[in-house]
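Trainee: Pasting the sequence and the predicted coordinates here, then a few questions.
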Amino acid sequence: MAHYAFIDSNNVVTHVIVGRNEGDQGVDWEQWYGYTTGNICKRTSYNTVGGVHTSGGIPFRKNYAGIGYTYDSTRDAFIPPQPFPSWVLNEETCLWNPPISMPTDGQFYNWDEATTSWVVNE
């Protein structure tokens, strides 16, 4: 089964459904679902994260669409909401990156936007 995202006039994903695989019965299901609902519809891949297919297949639209994600037609990508104002979009993965990398010392950290730094989760 394939997954399809419905997009509003602001290019924001409003819901995602499980549907038929593209080409089943010779139908363009992306177009069919869009037409029958009156929404823009784009197929999305459950196995695609950051432009990589987790099962070794071909990645599809950079990321699996979620409600609140934005569809960027120029990149043909689903982009998650920006988690913090200081985070920057990675053009390759279409995911948001913090301005500094999280420490890798085995401790658990949370992002503190006020100080734009990682703080130990105590």
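Mentor: Perfect, thanks for sending it. Keep in mind it's a predicted model, so treat the numbers as computed, not measured.

Trainee: make it CA atoms for all contacts and neighbour counts henceforth
Mentor: Noted.

Trainee: So which residues of the protein form helices?
Mentor: Along the chain, the segments classed as helices by DSSP state H run 29-37.

Trainee: The worst-scoring helix or strand of the chain on mean pLDDT: which residues count as buried?
Mentor: In the chain, the helix or strand scored least confidently by mean pLDDT, DSSP states H and E is helix 29-37, which has a mean of 87. For helix 29-37, burial by neighbour count (16 or more other CA atoms under 10 Å) applies to 29-30, 33-34.

Trainee: Then stretch 83-103?
Mentor: Of the residues in stretch 83-103, 87, 93-98 count as buried by neighbour count, 16+ other CA under 10 Å.

Trainee: Looking at it now, give me its mean pLDDT.
Mentor: The average of the pLDDT scores along stretch 83-103 is 97.

Trainee: wait, which of the buried residues of helix 29-37 is closest to Thr48?
Mentor: Nearest to Thr48 out of those is Glu30 (CA to CA; 17.7 Å).

Trainee: and the gap between that closest one and Glu113?
Mentor: Using CA to CA, to the nearest Å, Glu30 is found at 39 Å from Glu113.

Trainee: Using JSON lines, please lay out the buried residues of helix 29-37 together with distance to Val12.
Mentor: Output for those, formatted as JSON lines (distance: CA to CA, whole Å):
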{"residue": "Trp29", "distance to Val12": "20"}
{"residue": "Glu30", "distance to Val12": "16"}
{"residue": "Tyr33", "distance to Val12": "17"}
{"residue": "Gly34", "distance to Val12": "15"}
